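Peer 1: Below is the sequence, then the predicted model.
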Amino acid sequence: MNWNWKASWWFVRKNNYFLVKFAVSILLVGLSFRLLFSQSTTGFSNVEQTPFIDETMRPESRNSKEFEGIDKRPPKFEDIDQMPTDSVNSSEDRDQIHQTEKCDLFTGDWIPNPAGPVYTNESCHLIENHQNCMMNGRPDTGYLYWRWNPRDCELPQFDSEKFLEMMRNKAWALIGDSIARNHVQSLLCMLSKVEPAVEVYHDAEYKSRRWHFPVHNFTISVIWSPFLAKADIFENYDGVSTSELELHLDQLDKTWTDLYSSLDYMIFSSGKWFIKTAIYYDNTTILGCHYCPKRNLTELGIDFAYRKVLKNLFDFIIASNHKGMIFFMTTTPSHFENGEWFSGGSCRRTTPVKEGEFELNHMIKILRNVELEEFEKAEADASKKGVNLKLLDLMELSLLRPDGHPGPYRHFYPFAKDKNAKVINDCLHWCLPGPIDSWNDLIMEMVVSG
């Protein structure tokens with residue numbers, strides 16, 4: 001558009017000032033409309049030509065070149081503490097990717113994580129020797145550089161600072177067997193990057209313990225209760241028994257029931273101890289047993305006992321009307337190959353496996369079926385009662401990580417004196433740091449989501 005500025009000036013001089021203002025206003029409106037229209041048609045704004053992105057891009061598709069070979073040449077383990085951890089501890093990132101619609105957190109893939117773990121065996125003094133794989137001489141480090149990635153949404157990594165702030169004046173307990181004890185070490189190591197944990201209690205055998213974070217007045221306990229029910233156990237630290245254990249199916253373990261009302265958050269886990277030889281009691285009467293060929297007792301099977309205990313557990317939780325959050329964690333897998341722990345079985349893999357590459361053994365399948373069936377029944381009743389009961393189903397994602405166990409490095413430098421030494425492998429518990437750290441990502445997301 002061309003405009004004759006000489007004619008305009010003549011108009012100003014010869015006509016009424018009000019009319020001038022009116023004409024100039026019309027002129028400016030016209031110019032604005034022309035400019036806006038020209039921008040929308042000349043490529044200045046291409047909104048209409050850009051397709052709407054309605055799903056989150058998966059990290060592996062964004063950075064596949066960057067991740068090539070990461071498991072072959074990971075960063076040096078001793079440098080992990082100096083690596084940037086913004087992605088781990090950024091609450092801003094969590095707000096950006098938190099989903100409004102729920103997704104299946106437990107279906108996904110392990111993807112490369114160049115940043116590695118947020119702690120090391122040197123920066124965290126809370127790791128027990130049997131899980132301290134690096135101290136014990138495990139030579140490979142590639143298993144440290146993976147993280148869990150759900151397929152339908154992004155999962156923020158554990159934010160220790162935000163978690164501690166959310167848990168101010170709260171109490172957590174992880175209740176179960178040695179896997180719970182393994183897990184609590186991971187959680188404590190991550191939180192202690194922000195505030196050191198102070199141990200305030202332990203039992204005689206250091207199986208049940210409690211830690212306090214004084215700045216936040218927050219406590220975390222691990223409560224040793226491998227059956228969740230009352231049990232008389234006659235075995236030493238190495239698992240050698242002098243007699244069949246005696247399991248009282250009708251009585252929950254007072255070790256945790258006496259503390260139940262004082263806890264805000266709980267994670268219950270069990271399962272594997274039910275595979276052991278046991279005599280089953282109900283109201284002091286022997287019902288039968290599991291694998292007791294030397295006794296004239298009815299073989300009832302592990303599913304019978306596990307189902308009765310879980311039913312009692314869930315009935316107790318639902319009747320309590322507890323107002324906190326309660327997780328039930330499914331049994332996690334072991335990865336023994338070419339035998340069991342007592343017959344030369346080992347776990348020598350150094351990278352995650354693909355879905356379907358590992359199968360659950362028969363006993364674990366039985367335990368898992370009982371867990372899922374009993375939880376489904378309990379969840380409906382809990383919802384009616386307003387009890388916040390959640391399933392923490394770590395089986396599938398853990399099954400893909402046969403590389404995460406101590407193996408022979410449960411022991412201190414097992415091959416230092418003899419490279420062909422025969423040692424018992426631990427393909428049940430998890431190295432720290434290791435895959436178990438990702439469990440905390442899932443737990444925090446479930447807590448934040450409510």
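Peer 2: Looks like it arrived, so ask away. Numbers count the residues shown, from 1 in each chain.

Peer 1: so who does R210 touch?
Peer 2: Applying C-beta atoms under 8 Å, 6 or more residues apart in numbering to R210 gives the contacts E199, V200, Y201, H202, T219, I220, S221, V222. C-beta: built from backbone N, CA, C; applies to glycine.

Peer 1: Wait, a helix at L126?
Peer 2: No - read with DSSP: H, G, I helix; E, B strand; the rest coil, L126 is coil and lies in no helix.

Peer 1: Which helix or which strand is home to the nearest residue to it once chain neighbours are set aside?
Peer 2: Distances taken as C-beta to C-beta, 6 or more residues apart in numbering place L188 nearest to L126, at 4.9 Å, with adjacent residues excluded. Element membership for L188 (DSSP states H and E) is helix 178-191.

Peer 1: hmm, who's touching that helix?
Peer 2: With contacts defined as C-beta under 8 Å, 6+ apart, helix 178-191 is touched by 118-119, 123-124, 126-128, 131, 158, 160, 163-164, 174, 197, 207, 209, 211, 213, 220, 222-224, 226, 267, 269, 272, 332, 428-430, 432-434, 436-437, 439-440.

Peer 1: could I get the contacts of R210 as TSV with secondary structure and pLDDT?
Peer 2: Formatted as TSV, the contacts of R210 follow (DSSP: H, G, I helix; E, B strand; the rest coil; pLDDT from 0 to 100):
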residue	secondary structure	pLDDT
E199	strand	98
V200	strand	98
Y201	strand	98
H202	strand	97
T219	strand	98
I220	strand	98
S221	strand	98
V222	strand	98
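
Peer 1: Buried residues, the helix holding L188. List them.
Peer 2: Across helix 178-191, burial judged by 16 or more other C-beta atoms under 10 Å covers 178-191.

Peer 1: how much distance is there from it to the middle of the chain?
Peer 2: In terms of C-alpha atoms, centre = their mean, to the nearest Å, the centre of helix 178-191 is found 11 Å from the chain centre.

Peer 1: Only alpha carbons, please: show that helix as CSV.
Peer 2: The C-alpha atoms that make up helix 178-191 are tabulated as CSV, following Å, rounded to 0.1, in the frame of the first residue of the first chain:
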residue,chain,number,x,y,z
SER,A,178,16.2,-59.3,52.6
ILE,A,179,14.9,-57.7,49.4
ALA,A,180,13.3,-55.0,51.6
ARG,A,181,16.6,-54.6,53.4
ASN,A,182,18.4,-54.3,50.0
HIS,A,183,15.8,-51.7,48.8
VAL,A,184,16.0,-49.5,51.9
GLN,A,185,19.8,-49.1,51.4
SER,A,186,19.1,-47.8,47.9
LEU,A,187,16.6,-45.3,49.1
LEU,A,188,18.8,-44.1,52.0
CYS,A,189,21.8,-43.7,49.7
MET,A,190,19.8,-41.5,47.4
LEU,A,191,18.3,-39.4,50.2
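
Peer 1: For it, what does the pLDDT average out to?
Peer 2: The average of the pLDDT scores along helix 178-191 is 98.

Peer 1: In the protein, mark out all the strands, start to finish.
Peer 2: 108-112, 146-150, 171-176, 198-202, 209-213, 218-224, 229-232, 245-252, 265-269, 278-282, 285-290, 325-329, 388-392 (DSSP state E).
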